[in-house]
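Q: Curious how this folds, go ahead:
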Amino acid sequence: MDKNSREYMLWCEADMICNMRKLSERREYLERIEKRRGKKAADELRAKVQERWKKRAQGFGLEKG
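A: Predicted structure coming up:
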């Protein structure tokens, strides 16, 4: 993945959100993104966060399937 790409930026930002300790912090961050960048950008980031959580769960053997 090209480190100058939008995809990489989303991946890094989603990873940063996943590293936030509190759910309330993650939600507040995503709300700020929606206000600043719009709903479409926030939804795209939310989807990337969900993808990152799934990959983390699989890495820890927590994903059922």
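Q: Let me see the ranges of the helices in this structure.
A: Using DSSP state H, the helices of the chain run over 6-18, 23-37, 39-59.
Q: is it possible to export those to TSV including mean neighbour count and mean pLDDT?
A: All C-beta atoms are positioned from the backbone trio N, CA, C, and that covers glycine. Output for those, formatted as TSV (neighbours: other C-beta atoms under 10 Å; pLDDT from 0 to 100):
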stretch	mean neighbour count	mean pLDDT
helix 6-18	15	94
helix 23-37	13	97
helix 39-59	14	92
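Q: these two touch, right, Trp53 and Cys18?
A: Yes: between Trp53 and Cys18 there is a contact under C-beta atoms under 8 Å: 6.2 Å.
Q: Quick one: residues contacting Arg52.
A: Contact partners of Arg52, counting by C-beta atoms under 8 Å, 6 or more residues apart in numbering, are 11, 14-15, 17-18.
Q: Next one: it relative to Asp2, how far apart?
A: 19 Å (C-beta to C-beta, to the nearest Å).
Q: what does Asn19 give?
A: 23 Å.
Q: still on that earlier bit, okay, the contacts of Arg52 in CSV with distance to Arg46 next?
A: What follows is those, written out as CSV (distance: C-beta to C-beta, whole Å):
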residue, distance to Arg46
Trp11, 14
Ala14, 9
Asp15, 14
Ile17, 9
Cys18, 12
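Q: and of those residues, the nearest to Arg32?
A: Ile17 (11.2 Å; C-beta to C-beta).
Q: Name the residues that touch stretch 40-49?
A: So stretch 40-49 is in contact with 10-11, 13-14, 17-18, 26, 30-31, 33-34, going by C-beta under 8 Å, 6+ apart.
Q: Can I get it in CSV? Just the C-alpha atoms.
A: What follows is stretch 40-49, C-alpha atoms only, in CSV (Å, rounded to 0.1, in the frame of the first residue of the first chain):
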residue,chain,number,x,y,z
LYS,A,40,-19.7,10.3,3.9
ALA,A,41,-16.1,10.7,5.2
ALA,A,42,-17.2,9.6,8.7
ASP,A,43,-19.0,6.6,7.4
GLU,A,44,-16.0,5.6,5.3
LEU,A,45,-13.8,5.9,8.4
ARG,A,46,-16.3,3.9,10.6
ALA,A,47,-16.2,1.1,8.0
LYS,A,48,-12.4,1.1,8.1
VAL,A,49,-12.5,1.0,11.9
